[in-house]
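Quick one, fold the following:
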Amino acid sequence: GRAEIEEPLRALSHLGVHGIPKFIVEGQTMVDGAAHSDVFVEIFRDIERRGETKGGPVFADILGIADDVVRRGSHTKAEMEV
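Got it, this is the predicted structure:
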């Protein structure tokens with residue numbers, strides 16, 4: 001319903017997102033969708049070097065995504081090969 005749409009929009013506005021596409025990595029790093037691929041590569045290489053992420057998902061609770069889905073991901077390799 002309307003509340004399910006308005007709550008994420010308020011959260012995005014609070015984060016300073018006023019246009020799309022935007023990517024929020026680790027719940028804190030915001031990248032414009034038009035950013036060069038090198039920007040994304042560096043962010044993910046940094047995470048890879050650390051061996052862990054710093055933050056969690058921003059919208060899982062708001063969107064009702066279960067913790068187990070967040071932990072395992074929404075797509076497994078087996079599902080992608082079907």
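
from here on, contacts and neighbour counts on C-alpha atoms
Will do.

center of this structure - which residue?
Closest residue to the average C-alpha location of the chain: Ile24 at 4.8 Å, with Cα atoms, centre = their mean.

and that residue, that's in a strand?
Yes: assigned with DSSP: H, G, I helix; E, B strand; the rest coil, Ile24 falls within a strand.

Identify the residue nearest it in space, chain neighbours excluded?
In this structure, Ile24 finds its nearest non-sequential neighbour in Met30, 4.5 Å apart by Cα to Cα, 6 or more residues apart in numbering.

I figured the one you found hits Gly19, correct?
No: with contact defined as Cα atoms under 8 Å, Met30 and Gly19 do not form a contacting pair (11.8 Å).

More neighbours: which of the two?
Between Met30 and Gly19, counting by other Cα atoms under 10 Å, Met30 is the more crowded of the two (14 against 10).

Any stretches of this protein with poor pLDDT?
Scanning the chain for pLDDT under 70 picks out 74-82.

Strands of the chain, start to end?
With DSSP state E as the criterion, the chain has strands at 22-25, 29-32.

what's the last one packed up against?
Using 3 or more Cα pairs under 8 Å, 6 or more residues apart in numbering; DSSP states H and E as the contact criterion, the elements in contact with strand 29-32 are strand 22-25.
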